[in-house]
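**Student:** coordinates only, sequence not included:
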């Protein structure tokens, strides 16, 4: 929990903790009001790039003034850690309400209408997209009005690479097909609201799957569960609206403003949501509403009058109407294939991490059959080949891919260079590995692993001084990553800096008390420093951890025995 006083805020109590950080209740002593302070997670705050993006998004969100958007009072930074001062909401989250099952239909429609109004306002003011609409981000004020929270936070988090190469973001159940493919737009927020409305009415999610990957596959490829099968009294109009909001193609979904207008009608309002075609004597006419933009969206000014269409315009309009379903079908099919390819690629990545090479190759091949130009799957396939021992062929393929991967896709280019470095390491070619990792680092140094891999390779190549410099820069950005401290300690040990090596080993174990390589390092340092008892204790803990193989343990035991450290009493 943060300190009892932060700037001019007196902390009262913790409210919660999540992947984005933690939230506390505090009193703003300048204005005498209770607020919620939302702190960004340390791993985001540690990176200047992520911090700037978070600040930019937070300040944009603070400019949104709408009755259904939680107010952001201020953006502050204290001790290098940014936070938002937000409106303190007394009500529960929508997730808490849903824990008791489906909601009454009028309540569900009202919550959806208020959320759609908030989204329409944000989308219309600078094109701000929420990107993480879910029940946890909807709370209620003292009057029961829904408040949408956390605009901008999801975008800040997306700057950090995730384990899976698809770069998936947000809670899987509420992700749209295009978000699964790595693209979030205004229509993605509408899809998420469609999932929420289905869940509020039926008590069930429209898509199901065992685990996040299976769920994302269902979202990308399978139709939603029909709402009326679970809530027959919801009515055909509501079911049709939910179905349109859950269309696979973003272009086929209504906008948030259209959703708001339709829900207004379902709740009893008379605000028109779409033009009405009417028959006129002798010609096709169409009513075109005259509208004005207001803080709540578009509202009619005057009752519209019919306008006569020229015959050629009628023909063109009919042709467009006839062609539109075909274009929608083609667009939806392409989006579905892209989402399938992303899901298959992520399954391949998961299998590769588990060293199930046969499954990994099968999934990467599936992804490439769906999208022959999908560079991520091609890079993954080359990595499997290298793991199988086909290192020369894999290196040729990776080099060719680097010529075709877009120059601005720095993350994927870094991955490809890292795989080439791994091939060089497997061949024992440390100079080549250092060069490849330097290229990977130049493309993308946004993760601790970039510093750790380059520093380790330089150390193995005999450049302990250079390695120490890279690792210490990494520690400055990622101070709690145990392997960075451990490798910095190995570099210090290679430079005969025993105090520095011991401090690095201690820092590594302070970050992770069970990190066995740091125990082995500290045992070596203590043995060289003459601390036989301390070295023996670390050696015993290393052996008890079960880390490494029997040969590594035997080598460490022999090395320490040569300095008087023996396991037997």
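**Tutor:** Nice, thanks for sending it over. Since we're looking at a predicted model, the values are computed, not measured.
**Student:** Wasn't residue 209 part of a helix?
**Tutor:** No. Residue 209 sits outside any helix when classified using DSSP: H, G, I helix; E, B strand; the rest coil, being coil.
**Student:** If we ignore the residues flanking it in sequence, what's nearest it?
**Tutor:** Distances taken as C-beta to C-beta, 6 or more residues apart in numbering place residue 215 nearest to residue 209, at 3.5 Å, with adjacent residues excluded. C-beta coordinates here come from the backbone N, C-alpha and C atoms, glycine included.
**Student:** Go ahead and confirm the one you found touches residue 180.
**Tutor:** No. Taking C-beta atoms under 8 Å as the definition, residue 215 is not a contact partner of residue 180, at 9.7 Å.
**Student:** the more surrounded of these two?
**Tutor:** residue 180 (28 against 20; other C-beta atoms under 10 Å).
**Student:** about what we covered before: how about the residue nearest to residue 209, what does it touch?
**Tutor:** 172-173, 207-209 (C-beta atoms under 8 Å, 6 or more residues apart in numbering).
**Student:** Could you look up the SS state of it?
**Tutor:** Quick answer, by three-state DSSP: residue 215 is helix.
**Student:** coming back round to it: for the contacts of residue 215, pick the one with the most neighbours.
**Tutor:** Most surrounded of these: other C-beta under 10 Å gives residue 207, at 24 neighbours.
**Student:** residues contacting the residue lying closest to that one once chain neighbours are set aside?
**Tutor:** The spatial neighbour of residue 207 that comes closest, neighbours along the chain excluded (C-beta to C-beta, 6+ apart), is residue 218 at 4.4 Å. By C-beta under 8 Å, 6+ apart, the contact list for residue 218 reads 207-209.
**Student:** Tell me how many other residues crowd residue 400.
**Tutor:** Residues near residue 400, counting by other C-beta under 10 Å: 11.
**Student:** That one and residue 380, how far apart?
**Tutor:** Separation of residue 400 from residue 380 (C-beta to C-beta, to the nearest Å): 15 Å.
**Student:** Equivalent analysis for residue 517, please.
**Tutor:** With C-beta to C-beta as the criterion, residue 517 and residue 380 are 27 Å apart.
**Student:** Just the helices from the stretch 251-400 of the chain, written as ranges.
**Tutor:** 256-266, 311-353, 357-370, 375-387, 391-402 (DSSP state H, counting those that start in this stretch).
**Student:** CSV for the ones you listed, including mean pLDDT and distance to residue 418?
**Tutor:** Shown next, in CSV, are those (pLDDT from 0 to 100; distance: least, C-beta to C-beta, whole Å):
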stretch, mean pLDDT, distance to residue 418
helix 256-266, 92, 40
helix 311-353, 65, 13
helix 357-370, 91, 17
helix 375-387, 93, 9
helix 391-402, 92, 10
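**Student:** closest one to residue 79 among those?
**Tutor:** Among the helices of the stretch 251-400 of the chain, helix 311-353 comes nearest to residue 79, with 35.3 Å by C-beta to C-beta.
**Student:** Show me the shaky parts of the stretch 1-150 of the chain.
**Tutor:** Residue ranges of the stretch 1-150 of the chain with pLDDT under 70: 1-3, 17-21, 41-62.
**Student:** if we go to 90?
**Tutor:** 1-25, 28-67, 70-93, 96-97, 99-101, 122-132, 136-137, 140-145, 149-150 (pLDDT under 90).
**Student:** Kindly report the same for the stretch 151-300 of the chain.
**Tutor:** In the stretch 151-300 of the chain, residues with pLDDT under 90: 151-172, 178-185, 208-218, 220, 229-230, 232, 264-300.
**Student:** circling back: any idea how far the residue nearest to residue 209 is from residue 346?
**Tutor:** As defined by C-beta to C-beta, residue 215 lies at a distance of 12 Å from residue 346.
**Student:** Need the contact partners of stretch 103-111.
**Tutor:** Residues beyond stretch 103-111 that count as contacts (C-beta under 8 Å, 6+ apart) turn out to be 94, 97, 102, 138, 146, 197, 200-201, 231, 233-234, 238, 263, 266-267.
**Student:** Need the max-distance pair from these.
**Tutor:** Longest span within these, C-beta to C-beta: 138 and 233, 23.5 Å.
**Student:** Please say which of these two ends up with more neighbours.
**Tutor:** residue 138 (26 against 8).
**Student:** show me the contacts for that one.
**Tutor:** 93-94, 111, 115, 146-149, 196.
**Student:** Out of those, give me the one that has the most neighbours.
**Tutor:** Neighbour-wise, those (other C-beta under 10 Å) top out at residue 115, 29 neighbours.
**Student:** Next one: the residue nearest to residue 564 when sequence neighbours are not counted relative to residue 39, how far apart?
**Tutor:** Excluding the flanking residues, the one nearest residue 564 by C-beta to C-beta, 6+ apart is residue 532, at 5.4 Å. Residue 532 sits 45 Å away from residue 39, going by C-beta to C-beta.
**Student:** Looking at these two, which one has more neighbours?
**Tutor:** Neighbours were counted for residue 532 and for residue 39 using other C-beta under 10 Å; residue 39 has more, 21 against 15.
**Student:** if I read this right, that one contacts residue 22, doesn't it?
**Tutor:** Yes. At 5.3 Å, residue 39 counts as touching residue 22 under the criterion of C-beta under 8 Å.
**Student:** Spatially nearest residue to residue 566 (excluding sequence neighbours)?
**Tutor:** Nearest one to residue 566, counting by C-beta to C-beta, 6+ apart, is residue 536 at 7.4 Å.
**Student:** ditto for residue 10
**Tutor:** That would be residue 27: by C-beta to C-beta, 6+ apart, it lies 4.6 Å from residue 10.
**Student:** quick one: buried residues of stretch 484-497?
**Tutor:** Neighbour counts over stretch 484-497 (16 or more other C-beta atoms under 10 Å) mark 484-494, 497 as buried.
**Student:** okay, those in a markdown table with pLDDT and distance to residue 554 next?
**Tutor:** Shown next, in a markdown table, are the buried residues of stretch 484-497 (pLDDT from 0 to 100; distance: C-beta to C-beta, whole Å):
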| residue | pLDDT | distance to residue 554 |
| --- | --- | --- |
| 484 | 93 | 27 |
| 485 | 93 | 26 |
| 486 | 93 | 21 |
| 487 | 94 | 23 |
| 488 | 95 | 26 |
| 489 | 94 | 22 |
| 490 | 94 | 20 |
| 491 | 95 | 25 |
| 492 | 95 | 25 |
| 493 | 93 | 20 |
| 494 | 93 | 22 |
| 497 | 95 | 27 |
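**Student:** Where do the helices of the stretch 451-569 of the chain begin and end?
**Tutor:** Under DSSP H, counting those that start in this stretch, the stretch 451-569 of the chain gives helices at 464-477, 482-494, 498-511, 516-528, 532-545, 550-561.
**Student:** Can you point out the buried residues in the fifth one?
**Tutor:** Pointing back at helix 532-545 there. Buried residues in helix 532-545 (16+ other C-beta under 10 Å): 534-539, 541-543.
**Student:** What lies in contact with it?
**Tutor:** Contacts for helix 532-545 (C-beta under 8 Å, 6+ apart): 514, 516, 519-520, 522-524, 526-527, 548, 553, 556-557, 560, 563-567.
**Student:** what mean pLDDT does that helix have?
**Tutor:** Mean per-residue pLDDT for helix 532-545: 86.
**Student:** now the angle from that helix to helix 550-561?
**Tutor:** Taking axes from the mean of the first three to the mean of the last three C-alpha atoms, to 10 degrees, one finds helix 532-545 and helix 550-561 inclined to each other by 170 degrees.
**Student:** I'd like the numbering to begin with 222 instead of 1 from here.
**Tutor:** Noted, 222 is the first residue going forward, which turns the last one into helix 753-766.
**Student:** circling back: which residues does the residue nearest to residue 231 form a beta bridge with?
**Tutor:** Beta-bridge partners of residue 248, counted by DSSP bridges, are residue 231, residue 255.
**Student:** ok, how many other residues are close to it?
**Tutor:** 17.
**Student:** surely residue 306 meets residue 298?
**Tutor:** No. The criterion here is C-beta under 8 Å, and residue 306 misses it with residue 298 at 11.7 Å.
**Student:** the more surrounded of those two?
**Tutor:** residue 306 (24 against 13).
**Student:** Which SSE is immediately downstream of the one helix or strand that one maps to?
**Tutor:** Secondary structure from DSSP states H and E places residue 306 in strand 302-308. Per DSSP H and E, the first helix or strand lying C-terminal to strand 302-308 is helix 315-319.
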